[in-house]
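Engineer: need a structure here:
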Amino acid sequence: MNQIIALPVFYSLRNCPYAMRARLAIYAAKQQVQLRDLVLSNKPAEMLAVSPKGTVPVLVTASNQVIDESLAIMQWAFSQSDPDDYLDSKAPNALAEMLAVIEIFDHEFKGHLEKYRCSKRYHEPSLITDRQQCERYLTDLELRLCQHQYLISDKPSLVDLALMPFIRQFARVERQWYLQAPYPKLRHWLNGYLQSRMFSKVMEQHPLWLDAKQEVVFGDRT
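Structural biologist: This is a model prediction of the structure:
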């Protein structure tokens, strides 16, 4: 019990892509946290007390530092441990390049993706145009994957984990169109993650914390 109390507390929503990428980084960094799964219609008072904006993910470290942005949580995780060198520590300016790519997707692609998802849901006539706006960014990823196995190099990086949940969302909007779209490298890259042990662990379903008040330890230190 003492070990569990000492762990950071992590508020999460299972299918939220921001929470998903934070969990991916925590898992890849071999960190462990107290996972508190929730639904946005019933937010824990404990979470709102430390992060009044009321969005996930939220991490409260063992020293009571509150981190409530997904990318910052990812960087925190890899600052604790980075056994597979997701930050590419030996390459000069690698982190800056990674953050620049992520920023484009967070501030540009994500907006187009939301329009695309909405146009499909509400049968809007702008569906194809909205999809094509997203494709401008997918083309860049396909070109990257023609040059190396992952988005930055031949080994996975922070960028791969940060973008994967959003590419997964895109792939689910028009499934049949996506499967025959001219992005074979991107499909192979995404499938590699979706079929991985890491993803199955990250997407494991747990009782909602407010219902069960059960402390779940998430992460793998082995």
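Engineer: if you average the pLDDT over stretch 105-119, what comes out?
Structural biologist: Stretch 105-119 comes out with an average pLDDT of 98.
Engineer: what sits up against that stretch?
Structural biologist: 71, 124, 126-127, 130-131, 133-134, 137, 162-163, 166, 169-170, 173 (Cβ atoms under 8 Å, 6 or more residues apart in numbering). For every residue, glycine as well, the C-beta is placed using N, CA and C.
Engineer: the residues you listed in helices, which ones?
Structural biologist: Here DSSP state H is the test, and the contacts of stretch 105-119 give 71, 127, 130-131, 133-134, 137, 162-163, 166, 169-170, 173 as lying in helices.
Engineer: give the next helix or strand downstream of the helix or strand of the chain with the lowest mean pLDDT.
Structural biologist: Least confident helix or strand, the chain: helix 2-6 with a mean of 53, by mean pLDDT, DSSP states H and E. The first helix or strand that comes after helix 2-6 along the chain, using DSSP states H and E, is strand 9-12.
Engineer: what helices and strands are in contact with that following strand?
Structural biologist: helix 17-28, strand 33-37, strand 58-60 (3 or more Cβ pairs under 8 Å, 6 or more residues apart in numbering; DSSP states H and E).
Engineer: may I have it exported as PDB, CA atoms only?
Structural biologist: Coordinates of each C-alpha in strand 9-12 appear next as PDB, following Å, rounded to 0.1, in the frame of the first residue of the first chain:
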ATOM      1  CA  VAL A   9      -1.700  10.200  -9.600                       C
ATOM      2  CA  PHE A  10      -2.900  10.100 -13.200                       C
ATOM      3  CA  TYR A  11      -6.400  11.200 -14.200                       C
ATOM      4  CA  SER A  12      -7.300   9.700 -17.600                       C
END
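Engineer: quick one: contacts of it?
Structural biologist: Here strand 9-12 makes contact (Cβ under 8 Å, 6+ apart) with 19, 22-23, 26, 33-38, 44, 47, 51, 56-60, 73, 218.
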